[in-house]
Structures are given as C-alpha cells and as structure tokens.
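> structure for this input, please:
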Amino acid sequence: MPEKIEELVRNAIASAQEAGDLPQFEVDDLGLERPADANNGDWTSTIALKSARLAHRSPRAIAQSIVDHMASDPAVERVEVAGPGFVNFYLSTAAGNQVFRTIREQGHDFGRSNIGGGQKVQVEFVSANPVGPLHIGHGRWAALGDSLCRVMEHAGYDVEREYYINDHGSQMDVFGNSVAERYLQLAQVMRDRGCSLDEAVAALLDDRKAYVSDEKDEHPEAHPFMDAFNEHLGGNAYGGDYIIDVARHFMESDGDRWVEADPKERMMEFRERGYKLMLGSIKSTLDQSRCKFDVWFSERTLYEKGEDGTSAVDRALEKLDKMGYLYRDEDGALWFRATALGDDKDRVLIKTNGEYTYFASDVAYHWNKFQRVDHVIDIWGADHHGYIQRVQCACEALGYPNQFEVLLGQLVNLLRDGVPVRMSKRKGTMVPYQELLDEVGTDAARYTLISKSSNQMIDFDIEKVKKQDNTNPVYYVQYAHARICSILRRGAGVTLEEAGKLGMDAVADRAIGADYDLALLTDPTETTLARKLSEFPGLIEGCARDRAPFRLTHYAEELAGDFHSFYTVCQVLPSKGRPVDEGLSRARLAACDATRRVLALALELCGVSAPQSM
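Predicted coordinates:
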C-alpha cells in the first residue's frame, strides 16, 4: 500500500504542475507515515510541508492542489487536507483488510525489507570476562544484542554476531590465583580435619556465607577462610562461590598434586584450565538463552607474533604512528594523540614499564573488525560511557570515521516480590544469569530484558516474571497466540496432537479454505486489527534503524490486546444456539491466522517461543 499511495501522490503533483497549479519542484521523500491516531487516516504524506520553500507557497495550499489533482483509486476511500498541510489517506475496507491475505501469503517474510541494503554489520555484545559466570546484566546484553541482530537481518542487513573474549591481562592471573588459593584451602581442611572433599567444600561455603552476611564488614572470627583468602591475595581476588566449585573440580581430577607445586606454575595451570571451564559455562548459558555467536574472538590472538615477528597490536600501532597519531613522553610511555580528533585528553597505549594498556587491545581489535565488516556496533554497560570517545577517535584515525557506534545499556534492578536482591561485586554475591533462566524460564527472561529501551533501567521482579496470568506481558502475548491456535484447530476439526503433525499453517489452510472474502470484515475491531497488523513492516524498519528491538514487545502486547477485543465482539466459529455465516467465519478465521503469524514472528524476533497451547 505505501507504494500505491506514493504513486498517487507523485502523479497528482505532476498533474498539478502540468496544469500550472503548482510550480516545478522535485522532492525525493514524500514523507509517508502511519498516523498514530486512526482518525487522521491510514496513511499521511508530509510532502506539502517539505516542499513549501521550493514551491514558494503555503503547505496547506500545496496540499490542497495535490488533493484536487488526485486520481481516484478503489483502494482509497477518501483523501483530505488536515492541519498545516498534511495529506491524509483513508483506505477502503477492502483495501485495509487485504493485509490479512498478504500476511498469509508472505508468511515468515512479512515485514522483511531491504533498508539495510546488505550492509555487512558486526554486533559485538556480552563479551564478559571469562573469569566467572554471566550475571543478569550480561543477560540483558545477550537478549538485546541477539534480538537486535534478528531484527536487522529481517530488515536486510548482513549481520555478524561476535563475542570478544577478554582472556589477556592481569584479570586472568587474578582468576588463577583465586582458584589456587581455594584449592590450597580445600587441601588444608581435608588434611587438618581428616574429612572428605564434600565436607571441605561445605566448610568453605559456610564460611563464605558468614562473610557475606557480615553487613558491617567487622570481620569477626566467624569467617576465617574468607579472611585468609583476602589477606593472602591482598583483596585482589574473585571471591564468588563458583571459585570454590572450580577448585573442587581440580581437587577431584588432580588430587593434591598441586599443593607442593611452584606457585606460578600452579597459578598458570589453574588459570588456563579454569578459563576453559568458565568459557564453557558461559557458552552453555548463552545457548540456553537462545543466543548464538558467529565469532568468538580471543584477545590473546591480538598479541600472537606472526612469521614477520609482529602482532596485530604491533601492526595497528604502526599504522597509527604512520598517520602521525603516536608520540612518546619523557618517561618512555607511548601515547595516542586522541585530542587531535576531539577527545578531551590523549590516551596511553604502552606504559613506562612496557605493559600494554587495555586500550591498545581495543585499537587492534577494532582495526581487525573493519577488515571484516562495513559497520560496527558495540553494546556496552552504561559505566563504559567515558570510553566511547577514545575508541571512536581510534577508529577515525585508522580510517573508519562514522562506522563505529555504541549502544549503552543501563543496569537491571533484581527484585523478589518488590524487595531488592542484595548483590555485591566485591563480595562475589552477583546472581548468576543461569540461575534466573532455570527459575523463570528463557521466554520470560528474554522478553522482560528487552522490554525497555537500553537507556532505561529495568526492574526484574523474579516473582512477577514467573506469573502465569495476564499481568505478565509475555504470558499475555503467548496466550493470544495459543488461543488463536486453539480456534484454528477447532475450525479445522483436528486435535492438538494432529495439529502438531500437520503444522499450524496446514491446520489454518484446512480451517479457512482457498477462497474467502475479506470484504465481509466490517466491524470496527476488525478494522483496528487490520490496521495494527499493517504497522508491522514499518515497525521492523524503525527497530532496525533506531537499534530499538524493545518496540517489538510493546507492539506484540498491543496486537494481542486488539485480537482479544476482536474475539470478544466478533464470533468466529458457530456454536450451539449461535450460528454464524460460513463465509464470514472463514474471513474471520483468516484474520485470526494472520494475527497468529505476526505474533509468532514478533516473538521469534524477540527470541521467545510461540506456544500452540497453554
């Protein structure tokens, strides 16, 4: 229909210009939009507002000339000038209802567009350090990143999903030392108490529980193992329960062979093997959350020397040097001249002791990205806001201006029945995302975590998210889909089991038949449902363009609400004492089926399932 409206407007402008009612001017964009209020039409054009300067006339006069020269079309019931110069189009009932047929014909391709033009885009998200399990914040980035990728693919982008593994740097050594210290404590408890490994693990966990409960941090004798852990590592450690679990793994597999080993050798052994365990855990959690990655990029590879004796970091810094963006200070540190590109200060790449900064890795990493893709989107936590400018400057210096963007995400407030769940990064009491997935389910978790714009905080109330009633948005939407499936099964005369074998598309075809007259759908709730469904293609384009997949959840809830209103008013199938015209029934079944398909597609783009029964 947008193409039809555009053709009518362009022809009307040409006719008005030929008649001398409008001067000659050209405008590429006709400003076609869907009015938020149905009273303002099904479509509106802002061409008159856009061309006022070119035509040297008031927008309303231009709009009236366009309407006066508008050719009639059976799809358009009327065209009106409104406000300062809007041209509003009101579709005929038959034209508006055609969306039901279009959806059924296009199926999964409904709403697919080519606004992305096949542009190769990389979305890097989650990228948590492989030194612990994912927490709910990582879960939000997983849901956001994956849903954004799905939407952008539907809008015609060629998307690559990437996870950056931060496996280089001091945090890896801290992780190895943390595991080693817990391993030694397990060995000590088993030796001193003559107890089993299970009992030793329980002793360390009980000690940690006491430590975490010590809100005032007075550190009484109630948690000696945790106190010794912090004292030996100088507070520079990972203290979560999972570290004890990793240490237990090594005690089970290797026994006490590492107790008398060289400390550095022990640390490196536990660091490398523990890193693989953590990465495996991260991948498992992401798999359960239906989040797949095309590339797992290891930071370590940036420092690996090639045949020419240089690393990716070396080559990236060499390129910046040739571009005149590097200099050394009097102490020998190497700096990036970021101020030359708009940053508030220059950034160090190599410290005076020869150690590379994290920023050096980022420079090489983003240069590597642009060897593979045209545009890069990074999803970071809001606490990384101050890091954006320097990376943008580095990308520009490397020759890729305006090809790098960052989506910042606010935090998640975890609640249980309205009461905040206490979490402390220092004490290692973050709630693993895996535990939340196990408790509330993947569907409820993903839907909730993308239900708001990334720049808004989310209150994730575990008990509310688990509710199986219409107060829970994801349940409300899924129930609408399941309800439609039930209607179609009854219309086709098949059982749930038979429908599972046939597939719902085949069930719908059997219920509706090949011939149905959509002109029979004249009830206002049917018109509202058709209008809502016709908004879906524009929604997809907007979600992709604005990097805003959260709009899908709002749309799905509105569509579910419109369907429930329709079903309350309009009888779809005959029942005892309530006959319904067969032709009208088939048309309404077609409307139901189109709604089912769009609900399923919207949920799929959110990474959420569309159950056929509930």
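> every contact and neighbour count from this point should use C-alpha atoms.
Fine.
> dihedrals phi and psi, S311?
Main-chain dihedrals, S311, degrees, to the nearest 10: phi -110, psi 170.
> what is the neighbour count of it?
S311 sits with 17 neighbouring residues when counted by other Cα atoms under 10 Å.
> excluding sequence neighbours, find me the nearest residue to it.
Nearest-residue entry for S311: K305, 4.5 Å, with adjacent residues in sequence omitted and distances by Cα to Cα, 6 or more residues apart in numbering.
> could you measure from E272 over to D245?
The gap separating E272 from D245 is 16 Å, by Cα to Cα, to the nearest Å.
> rewinding a little: now the residue nearest to S311: which helix or strand?
Of the helices and strands defined by DSSP states H and E, none includes K305.
> phi first, then psi, for it.
Torsion angles at K305 (phi, psi; degrees, to the nearest 10) stand at phi -80, psi 140.
> and it, how far from R140?
36 Å.
> give me the more crowded residue out of these two.
Using other Cα under 10 Å, the more surrounded residue of K305 and R140 is R140, with 27 against 13.
> quick one: contacts for the more buried one?
By Cα atoms under 8 Å, 6 or more residues apart in numbering, the residues touching R140 are 412, 446, 449-450.
> residues touching the most centrally placed residue in the chain, list them.
Geometric centre of the chain, nearest residue: L144, 1.8 Å, by Cα atoms, centre = their mean. Shown in contact with L144 (Cα under 8 Å, 6+ apart): 449-450, 454, 549.
> so in the chain, which helix runs the longest?
The longest helix of the chain (DSSP state H) is helix 263-288.
> among the contacts of R140, which one lies nearest to L326?
For the contacts of R140, the closest approach to L326 (Cα to Cα) belongs to V412, at 39.2 Å.
> so where's the stretch 301-450 of the chain shaky on pLDDT?
Low-confidence segments of the stretch 301-450 of the chain, defined by pLDDT under 70: 423-429.
> contacts only, for V412.
136-137, 140, 457-460.
> which ChimeraX command selects the buried ones in those residues?
Restricted to buried positions by 16 or more other Cα atoms under 10 Å, the ChimeraX selection for the contacts of V412 reads:
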select :136,137,140,458,459,460
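> so which of the contacts of V412 are in strands?
458-460 (DSSP state E).
> okay, now the nearest residue to D562 once chain neighbours are set aside: neighbour count?
In space, not counting the residues next to it along the chain, D562 is nearest to L529; the distance is 5.8 Å by Cα to Cα, 6+ apart. Other residues within reach of L529, judged by other Cα under 10 Å, total 27.
> what values do phi and psi take at E124?
Note on E124: backbone dihedrals following degrees, to the nearest 10 are phi -110, psi 130.
> next: V87.
Dihedral angles (degrees, to the nearest 10) for V87: phi -110, psi 110.
> hmm, T44 and it touching each other?
Yes. V87 is in contact with T44 according to Cα atoms under 8 Å; the separation is 5.4 Å.
> the more surrounded of these two?
Between V87 and T44, V87 has the larger neighbour count (other Cα under 10 Å), namely 27 against 24.
> quick one: contacts for Y356?
Y356 touches 349-350, counting by Cα under 8 Å, 6+ apart.
> next one: Q122
Taking Cα under 8 Å, 6+ apart as the test, what Q122 contacts is 159-162, 369, 373-377.
> distance of it from R372?
Distance of Q122 to R372, given as Cα to Cα: 9 Å.
> ok, now E557?
For E557, the distance to R372 - Cα to Cα - is 38 Å.
> between these two, who's got more neighbours?
Legend: neighbour count by other Cα under 10 Å for E557 and R372, higher for E557 (19 against 13).
> which parts of the stretch 301-450 of the chain are helices?
Along the stretch 301-450 of the chain, the stretches classed as helices by DSSP state H, counting those that start in this stretch are 312-322, 358-370, 388-397, 433-440, 442-449.
> and among those, the most buried is which?
Ranked by mean neighbour count, these are led by helix 442-449 with a mean of 23 (mean count of other Cα atoms under 10 Å).
> quick one: distance of that one to the chain centre.
Its chain's average C-alpha position is 11 Å from that of helix 442-449, according to Cα atoms, centre = their mean, to the nearest Å.
> give the other helices and strands that that helix contacts.
Helices and strands touching helix 442-449, by 3 or more Cα pairs under 8 Å, 6 or more residues apart in numbering; DSSP states H and E, are helix 136-154, strand 458-461, helix 462-466, helix 473-492.
> and those: which comes nearest Q392?
Nearest of the helices and strands packed on helix 442-449 to Q392, taken as Cα to Cα: helix 136-154 at 20.0 Å.
> list the buried residues in the helix or strand just after that closest one.
Moving toward the C-terminus from helix 136-154, the next helix or strand (DSSP H and E) is strand 158-165. Residues of strand 158-165 classed as buried by neighbour count (16+ other Cα under 10 Å): 158-165.
> turn those residues into a markdown table, including pLDDT and distance to S575.
Converted to a markdown table, these look like this (pLDDT from 0 to 100; distance: Cα to Cα, whole Å):
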| residue | pLDDT | distance to S575 |
| --- | --- | --- |
| D158 | 98 | 49 |
| V159 | 98 | 49 |
| E160 | 98 | 51 |
| R161 | 98 | 50 |
| E162 | 98 | 53 |
| Y163 | 98 | 54 |
| Y164 | 98 | 58 |
| I165 | 97 | 60 |
